[in-house]
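Asker: Okay, sequence plus prediction incoming.
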2 protein chains.
Amino acid sequence: MQWKGIHESHEWQNLIQKKPDAAIKNLSPNRIQTRIIDAGGGLSYSYAAMDADDETIAILQKIADELQLIEQYKTLLSGAVMNIGEKRMVLHHAVRGTVIDPVIVNGKNYTEFYAKEVKRFCTFAENIRNGTIRGSTGAIFTDVVQIGIGGSDLGPRALYLALENWARTRGTLKLNAHFISNVDPDDAVQVLENINPETTLFILVSKSGTTQETLANEFLVKKYIGTTIDPAKHFVAVTSETSPLAHNTEYLESFYIDDYIGGRYSGTSAVGGVILTISLGPDMFKELLIGANEADKMALNTDITKNAALMDALLGVYERSVLNRPVIAVLPYAQALSRFPAHLQQLDMESNGKSIDRNGRLVPIPTGPIVMGEPGTNGQHSFYQLLHQGTTIVPIEFIGFSENQCSFDPEFEGSTARKKLNANLVAQIAAFAQGSHAEDPNKNFPGMRPSSLIFGKTLSPKALGALLAHFENKIMFQGFAWNLNSFDQEGVQLGKVLTKEVLNPKGISNPVLAAYAKLLGL
Amino acid sequence: MQWKGIHESHEWQNLIQKKPDAAIKNLSPNRIQTRIIDAGGGLSYSYAAMDADDETIAILQKIADELQLIEQYKTLLSGAVMNIGEKRMVLHHAVRGTVIDPVIVNGKNYTEFYAKEVKRFCTFAENIRNGTIRGSTGAIFTDVVQIGIGGSDLGPRALYLALENWARTRGTLKLNAHFISNVDPDDAVQVLENINPETTLFILVSKSGTTQETLANEFLVKKYIGTTIDPAKHFVAVTSETSPLAHNTEYLESFYIDDYIGGRYSGTSAVGGVILTISLGPDMFKELLIGANEADKMALNTDITKNAALMDALLGVYERSVLNRPVIAVLPYAQALSRFPAHLQQLDMESNGKSIDRNGRLVPIPTGPIVMGEPGTNGQHSFYQLLHQGTTIVPIEFIGFSENQCSFDPEFEGSTARKKLNANLVAQIAAFAQGSHAEDPNKNFPGMRPSSLIFGKTLSPKALGALLAHFENKIMFQGFAWNLNSFDQEGVQLGKVLTKEVLNPKGISNPVLAAYAKLLGL
């Protein structure tokens, strides 16, 4: 297949003529009731308040067909080398189960390999949780600390926070999870001050086994806890089988991923799975995988009005490349999703924050957006001012649920807190789309600010899995549409090279680096 | 004074001719050594890697003079009604001490009033910390929970996290602080599960005493803890003297602010002060005020090459309105500043995310930017890909320190973690500015991505105060330059009105609200 980008599609000239759909100023209840797509895991995707009219959507469908977006997804699922720069397969879907067929390449069944690892770490987690495996002083583990950065930190952390309350309410929160990521030693010390090494299990997560920050933090943690415990009974590794951390007696146990699970797509692999099964329980993690697999399967539909991830992707490309909107806001009305936007920042910006297409040419249109977000209603008291009345229009992805994770929610002044929360969410969608006229220009709301809504009954593990997969698949489809390789990250390399130069024991030869180093006391 | 915006200044036509300064592709050590401004509190502001040449800076100086930016600041400091929409003075500088003269308006000495409150809550904090004041069961307080949202949450939370490690290392961290903000009941329950009511002091923060989320959370918390304690001995209010929470026997004590301290500018008032003095100690908070006051005084300089906040402001306006860059990234190389960017999101986007000028006219140029950010090196493994190679240029504000807050930092592979952290920071500045040519277009870095750097010896309370004031003053100057009222937030009102409609006990009359409410089970 000769890939091409959306700007090279037959319909591109038609698409760029399209103006924002003024119908969102006067949304019809019918549009709200019909523009809904099942997103898997009990979730639905509503795009009634997106400013694309039916004609625009019809054009986007033609583009999806012409660019063979679903074909590309199927090619990826079959184990083709879709990460062309690094010459790797892209197999994160396979860790959630089979989407079409098991991935078997050169006689190796990857689907089976990942499933076996899930089984292994679920058993391990049970043994930690029930006290069969204990620390070197015989104490039962009460805390688990993940040492990792980037994809080995943001996804697992976001998922843990999303389900911590859920598990606590259901009595399955056994170990409290903590995370150390930054090479800033103040990060590790902050965590270490709050745990007891005798009852703490550490998970070292680095696919290559060479990540600078992670190894520095492992060393720092071991130095800090001194000889009170035997590290070989307290440290677990999650890594690839070719890394120096693999099959290494310095670790109590090792669980494996491989080069085909990109860091930012590894939340549902052992990278997220080990800490989640240990802290929240294996059942919860299995539910997460089921939800993600359900969303992965739904993403196969060639009809964009029946494929939530694909619709979200193409509407996003329209906002970014046609309407030239540089930023999207992800606004979950769920405190449990407090770090989900930070995870999506990596997922999206590291995948599609690129300018060179898969044929090595400069893309002449804007690609991946900048992602920001905080939970509502908090954000309403913060940056929503700009979203309502600022000079840049920011398309919004709202996320909301009918029910709480916890059961405690007494009525106050005529409504529960949950009801207040969702009333705010509903009000914001309408306020952004419709605006409100006032004579005083300061109190005038222009409206015409598009948003979508992913909604479901409650933020269960299954819903969370589907939510995660929805965004992974959305970003994958956007990469296909822009003809980008969404699975490498060459943009992080230069910084690594220059960092080495600054740390060169023979001194810094580059005068710019030397001058800045001096300012920072190096 | 008849206010006007930068686009109405004599020099505007000259400014918009200016192109990004290509000198940052080949930064000279001399430029790095000379483009530094003292920012107060031991901090300095480096703008060598900003893509404005000396001519641009000369134009910006002329604009600062013509628009009388320093005059406007002085007018504000004198107690003039600078929040014209709400007809209020803007007095947050006065809570840090005297900048030029005490603020005395209609016979009331506001500087004295705020200082008296500081003294009152410092004494109160001492009595909590030394056990003179105890809970209703006689137990010494070990935890303090702030209930507030927006400015009553983001600033205090960011400041607490910034100094928690500092205080712990120095033995002055007496009470652990927690925060409840979101109306989502999962937020409050999460915090309540981790504290013991008998040993917990709650601080209710709402200037008006009517904030929906805060009152709902107060009710929820009181309901949750039941009758184990007497709330009147465990709840403190921070509010205005005219609010229903003031002089109210349901509270153990009340501390006061007034309408002249905007929510997002209230971190150094009782809003931040009560919880910070209780948890970290009064001395630390007083140092914070000294640092902020130092920065406030430095912001009086009419020479932009000697006024860090003003230079930062005008370079930012150039990036936003002339080079049309919609987003800025704030990237602290300090884990302790993990929530500082979230606070700046509010500070900046709620202040200048506006389209109508102080004369009631539509501003024809882009105004306040979108703000994003996470600590380095974490961000390097996340969204930096887009910053290096994406299609949108994002100007960066780096923040860095020579020394850690904690003292534990063993050497690993030839360098301490602190050294690694700062080597990364230095490398990133150079990588963004200079880029690096490669034949493989995927590995090519175009460079020409501007950044500034605020740096100092260590993130002390004094440095933190100066850092906060730097950004407050920067944003104030930008508001003056765009001729915006940076001190109101009309953009948050419509959502409140529509929320009430959704919660109307008689049912929802607006069909759009009704249709969305149905999706969310309302």
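Answerer: It's in.

Asker: Now do the same contact list for A:Met349.
Answerer: By CB atoms under 8 Å, 6 or more residues apart in numbering or on different chains, the contact list for A:Met349 reads A:368-371, B:382-383, B:385-386, B:390. From N, CA and C alone the C-beta is placed, and that goes for glycine too.

Asker: Break chain A down into its structural domains.
Answerer: Listed by automatic domain parsing, the domain ranges of chain A are A:114-287, A:490-522.

Asker: Out of the ones you listed, which gets nearest to B:Gly491?
Answerer: domain A:114-287 (28.5 Å; CB to CB).

Asker: The stretch 251-400 of chain A: helices as residue ranges?
Answerer: A:270-280, A:282-298, A:308-317, A:340-352, A:384-389 (DSSP state H, counting those that start in this stretch).

Asker: Apologies, that question was intended for the stretch 101-250 of chain A.
Answerer: Secondary structure of the stretch 101-250 of chain A (DSSP H, counting those that start in this stretch): helices at A:110-129, A:154-169, A:185-192, A:212-225.

Asker: May I see the buried residues of stretch A:282-291?
Answerer: A:282, A:284-291 (16 or more other CB atoms under 10 Å in any protein chain shown).

Asker: one step back: how about the helices of the stretch 101-250 of chain A in CSV, adding mean neighbour count, distance to B:Val236 and mean pLDDT?
Answerer: CSV is the format used below for the helices of the stretch 101-250 of chain A (neighbours: other CB atoms under 10 Å in any protein chain shown; distance: least, CB to CB, whole Å; pLDDT from 0 to 100):
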stretch, mean neighbour count, distance to B:Val236, mean pLDDT
helix A:110-129, 19, 40, 98
helix A:154-169, 24, 27, 97
helix A:185-192, 24, 27, 94
helix A:212-225, 21, 36, 95
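
Asker: Direction included, what does the helix or strand containing A:Phe455 pair against?
Answerer: Assessed by DSSP states H and E, A:Phe455 sits inside strand A:451-456. Strand A:451-456 pairs in its sheet with strand A:43-46 (antiparallel), strand A:396-401 (parallel), by DSSP bridges.

Asker: The biggest helix by length in chain A and chain B, are they touching?
Answerer: Across chain A, the longest stretch assigned as helix under DSSP state H is helix A:461-482. No: for helix A:461-482, no contact with chain B is found by CB under 8 Å from any CB of the partner chain; the gap never falls below 9.6 Å.

Asker: From the contact counts, what lies against that helix?
Answerer: strand A:36-40, strand A:43-46, helix A:69-77, helix A:154-169, helix A:282-298, helix A:308-317, helix A:340-352, strand A:451-456 (3 or more CB pairs under 8 Å, 6 or more residues apart in numbering or on different chains; DSSP states H and E).

Asker: Take the helices of the stretch 101-250 of chain A and write them to a markdown table, including distance to chain B.
Answerer: Output for those, formatted as a markdown table (distance: least, CB to the nearest CB, whole Å):
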| stretch | distance to chain B |
| --- | --- |
| helix A:110-129 | 19 |
| helix A:154-169 | 5 |
| helix A:185-192 | 4 |
| helix A:212-225 | 4 |
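
Asker: ok, back up a step: I'd like the helices and strands packed on helix A:461-482 laid out as CSV, including distance to A:His470.
Answerer: Shown next, in CSV, are the helices and strands packed on helix A:461-482 (distance: least, CB to CB, whole Å):
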stretch, distance to A:His470
strand A:36-40, 5
strand A:43-46, 7
helix A:69-77, 14
helix A:154-169, 14
helix A:282-298, 5
helix A:308-317, 5
helix A:340-352, 11
strand A:451-456, 7
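
Asker: do you know which of the ones you listed lies nearest B:Leu459?
Answerer: helix A:340-352 (21.4 Å).

Asker: Run the angle between that closest one and helix A:154-169 for me.
Answerer: 150 degrees (axes from the mean of the first three to the mean of the last three CA atoms, to 10 degrees).

Asker: Now do helix A:340-352: distance to the chain's middle.
Answerer: 6 Å (CA atoms, centre = their mean, to the nearest Å).

Asker: what do you get for stretch A:64-84?
Answerer: 21 Å.

Asker: any idea which element the closest residue to A:Leu27 other than its chain neighbours lies in?
Answerer: Closest residue in space to A:Leu27, ignoring its immediate chain neighbours: B:Val512 at 4.7 Å, by CB to CB, 6 or more residues apart in numbering or on different chains. Assessed by DSSP H and E, B:Val512 sits inside helix B:511-519.

Asker: List the buried residues in that helix.
Answerer: Under 16+ other CB under 10 Å, the buried positions of helix B:511-519 are B:512-517, B:519.
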